[in-house]
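> Dropping the sequence and predicted coords here.
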Amino acid sequence: MVKPVRFTRHAQQKFTDLARLGFIITPEQVLEALRNPEHVDTDLDSPVAQRALSDRHLVRVVFVENELRIVTFYPARRERYEP
């Protein structure tokens, strides 16, 4: 059974904010990072799932695990977070 996923208002606003800056991320890309992450950082208060978007960027998704609530997400340079 797949848990339903809910985007917070902040996460919903991120799509618009990033698009204004010329960085397009789709809800499908965020969900793919959450459902099939390449890495999950659990050393933080909230876990962060990440998945590559390109050779240069990845998306990091901060979420609440017990209900799969996406708090926020952001693009990042791969070199900063990948070994």
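Sure thing, it's come through.
> where do the helices sit along this structure?
9-20, 27-35, 78-81 (DSSP state H).
> Centre of the chain to stretch 57-73, how far?
5 Å (CA atoms, centre = their mean, to the nearest Å).
> Quick check: which ranges of the chain have low pLDDT?
Applying pLDDT under 70 to the chain flags the ranges 1-2.
> Quick check, residue 36 in contact with residue 51.
Yes - the pair residue 36 / residue 51 is scored as a contact, 6.8 Å apart, by CB atoms under 8 Å. (C-beta placed from N, C-alpha, C; glycine too.)
> between the two, who's got more neighbours?
Shown here are residue 36 and residue 51; by other CB atoms under 10 Å, residue 51 has more neighbours (18 against 9).
> residue contacts, that one?
29, 32-33, 36-38, 58-59 (CB atoms under 8 Å, 6 or more residues apart in numbering).
> which one of the helices of the chain lies closest to residue 3?
helix 27-35 (9.8 Å; CB to CB).
> Let's see that closest one as CSV, backbone CA atoms only.
This file holds the C-alpha atoms of helix 27-35, laid out as CSV (Å, rounded to 0.1, in the frame of the first residue of the first chain):
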residue,chain,number,x,y,z
PRO,A,27,5.9,17.6,-8.7
GLU,A,28,6.8,14.3,-10.4
GLN,A,29,10.5,14.9,-9.9
VAL,A,30,10.0,15.6,-6.3
LEU,A,31,7.8,12.5,-5.8
GLU,A,32,10.4,10.3,-7.7
ALA,A,33,13.1,11.6,-5.3
LEU,A,34,10.9,10.7,-2.3
ARG,A,35,9.8,7.3,-3.6
